[in-house]
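> only geometry, no sequence info:
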């Protein structure tokens with residue numbers, strides 16, 4: 001469904017079962033279910049609340065925390081510290097590009 005969302009095509013077309021790219025009732029139902037599933041995913045950690053809720057079949061101890069370091073994120077944070085506070089710094093975004 002992620003590919004369908006990216007390319008804005010019905011699932012049946014992705015699977016090669018639909019000609020013309022028309023959305024069937026099943027395609028619409030799958031897209032709605034995908035949207036609902038995505039809405040429940042935490043932006044910060046990527047888990048869903050049901051995964052933690054034992055009353056919904058989840059497991060409070062299903063995950064353990066793991067520390068990792070991304071040198072790209074570190075570089076972005078260092079550059080962000082150089083952006084001045086106040087009006088000059090509004091709307092400034094730091095990204096990574098490969099030097100030419």
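That came in fine, so what should we check first? Keep in mind that what you see is a predicted model, and the values were worked out from it rather than measured. Residues are numbered from 1 along each chain as shown.

> In which helix or strand does the nearest residue to residue 10 once chain neighbours are set aside reside?
Distance criterion Cβ to Cβ, 6 or more residues apart in numbering; nearest residue to residue 10, sequence neighbours excluded, is residue 27 at 3.8 Å. Yep, even glycine has a C-beta here, placed from its N, CA and C like the rest. Residue 27 is part of helix 25-39, with elements assigned from DSSP states H and E.

> Return the distance of that helix from the chain's centre.
How far helix 25-39 lies from its chain's middle: 16 Å, per Cα atoms, centre = their mean, to the nearest Å.

> One more: stretch 50-66?
In terms of Cα atoms, centre = their mean, the centre of stretch 50-66 is set 20 Å apart from its chain centre.

> Residue ranges in the protein under the pLDDT threshold?
Where the chain drops to pLDDT under 70, the residues are 18-19, 86-89.

> Now the phi/psi pair for the residue nearest the centre of the chain, please.
The residue lying closest to the centre of the chain (Cα atoms, centre = their mean) is residue 43, at 7.0 Å. Torsion angles at residue 43 (phi, psi; degrees, to the nearest 10) stand at phi -60, psi -30.

> Next one: it from residue 69, what distance?
20 Å (Cβ to Cβ, to the nearest Å).

> ok, now residue 6?
From residue 6 over to residue 69 (counting by Cβ to Cβ), the distance is 29 Å.

> domain parsing for the chain?
With domains defined by the TED database, the chain comprises 1-40, 41-82.

> just the ones you listed: most buried one?
Counting by mean count of other Cβ atoms under 10 Å, domain 1-40 has the highest mean neighbour count of those, with a mean of 12.
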